[in-house]
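Enquirer: here you go, sequence then predicted model.
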Amino acid sequence: MFSKSFIAVAILATVALATPVKRASTTCDFIMTPTPDLGADELQTSINYAVGHAVGAAYEGKTLTTENSLVRHDDGTYDVYSTIEVTDVDPATVGATVESWDETILDGLYAQWKVNAANCY
């Protein structure tokens, strides 16, 4: 026979597990300069790490996903297009955090990335 306490705990556990995790994404565009410039194919892993690590440092303990793509220009700058999601954090808040990276340097795996401009929406 089940006690009332056990049934109450079981119901609470079911509700807690069924609660959806809030995730919404923000999109950010950057102009960045990597040092060294190894080319877009070689730097893809580096920019994935740089953006993911910087977001993770800003939101420790949160689940995040990032998707990044690179377009290289002849002057050595890159357009970086990112979609960033952080669990239970409003996209506008994430966007403001990312925009604060303007004129800073992010550490990637194979390059350091100078953020010349950042814009999120």
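Expert: That came through fine. Because the structure is a prediction, the values reported are computed rather than measured. Residues are numbered from 1 along each chain as shown.

Enquirer: what lies in contact with stretch 73-82?
Expert: Under the contact criterion Cβ atoms under 8 Å, 6 or more residues apart in numbering, stretch 73-82 has outside partners 27-34, 37, 40, 43, 47, 51, 66-72, 98, 116. (Glycine included, C-beta is placed from N, CA and C.)

Enquirer: again, only this time at 10 Å
Expert: Here stretch 73-82 makes contact (Cβ atoms under 10 Å, 6 or more residues apart in numbering) with 25-37, 40, 43, 47-48, 50-52, 55, 66-72, 98, 113-118, 120.

Enquirer: can I get the CA coordinates of it in CSV?
Expert: Output of stretch 73-82 as CSV, limited to C-alpha atoms (Å, rounded to 0.1, in the frame of the first residue of the first chain):
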residue,chain,number,x,y,z
HIS,A,73,37.4,38.7,-47.0
ASP,A,74,40.5,39.6,-48.9
ASP,A,75,41.6,42.0,-46.1
GLY,A,76,41.9,39.1,-43.7
THR,A,77,38.7,39.9,-41.8
TYR,A,78,35.9,37.4,-41.4
ASP,A,79,32.2,37.7,-41.2
VAL,A,80,31.0,35.3,-38.5
TYR,A,81,27.4,34.3,-38.3
SER,A,82,26.3,32.7,-35.1
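
Enquirer: ok, back up a step: mind giving me the PyMOL select for the contacts of stretch 73-82, buried ones only?
Expert: Selecting only the buried entries of the contacts of stretch 73-82 in PyMOL, with 16 or more other Cβ atoms under 10 Å as the criterion:
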select buried, resi 25+26+28+30+31+32+33+34+43+47+48+50+51+52+55+66+68+70+98+113+115+118+120
